[in-house]
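Enquirer: build me a structure from this.
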Amino acid sequence: MRVDHTKRALTLAKEIGAPCITTEPGGPVEPGASWTAALNMFVEELKPVAEHAEKEGVLLLVEPEPGLLIETAAQFEEFMRYVDSPAVALNFDIGHMYCVGEDPPAALRRLAKYVRHIHLEDIAATRVHQHLVPGEGAIDFGSTLRSVREIGYNGWVTIELYPYIADPDTAARTALERVRHVLTTIDSTGATERPHPRGDGS
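Expert: Here you go, the predicted model:
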């Protein structure tokens, strides 16, 4: 069912002119189960989807996520060793990498050749997987966004704040303001300032 759903999503993306879709990196590995066996199963299930992505001319981006099969940069690299399709690449989620103990700037540089889209959100210092407006958590967005530029990435960076269902407009405006402030600071001084919770740099 999921293979069919993902194929249809790829076809829809082609119809509306979207260059890519994102999918989860497999499900949770059951306690006591083999991670390698789960990876092999995921790769096999992905093959017909990747073939369909190639046919439609749409990228299929796998997004590492806490608690699922592929969480870390090393695990994504291991996954890509078994993938033989130009249509499969990476949706790099900055917050997810922080949650699993990675340094987002270092992980971005490590996985640069695979990155085709980026998700951005803040995460608390506890590294609990709860998306926050930039400036409300502990991620160093100055260093992270500098790394985005260093790797030559020029695609979309999507601020992903799905928990803010009560007032999404305010969350989106605040996030955009703070991220723009960080980018302006990088452009003008080369500093790696974190977003200030007030968003005005004061």
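Enquirer: give me the buried positions along the lowest-mean-pLDDT helix or strand in the chain.
Expert: None of the helices or strands of the chain scores lower by mean pLDDT, DSSP states H and E than helix 168-189, at a mean of 93. Across helix 168-189, burial judged by 16 or more other C-beta atoms under 10 Å covers 171, 174-175, 177-179, 181-183, 185-186. Placement of C-beta: from N, CA and C, glycine included.
Enquirer: quick one: the helices in this protein?
Expert: 2-16, 35-56, 73-80, 94-99, 104-110, 141-150, 168-189 (DSSP state H).
Enquirer: Leu161 against Asp122, yeah?
Expert: No - using C-beta atoms under 8 Å, Leu161 is not in contact with Asp122, being 9.2 Å away.
Enquirer: quick one: Ile16 from Tyr162, how far?
Expert: 21 Å (C-beta to C-beta, to the nearest Å).
Enquirer: show me the shaky parts of the protein.
Expert: 189-202 (pLDDT under 70).
Enquirer: can we see that at 50?
Expert: Applying pLDDT under 50 to the chain picks out residues 191-194, 196-202.
Enquirer: the least confident helix or strand of the chain packs against which elements?
Expert: The contact analysis (3 or more C-beta pairs under 8 Å, 6 or more residues apart in numbering; DSSP states H and E) places helix 168-189 against helix 141-150, strand 157-159.
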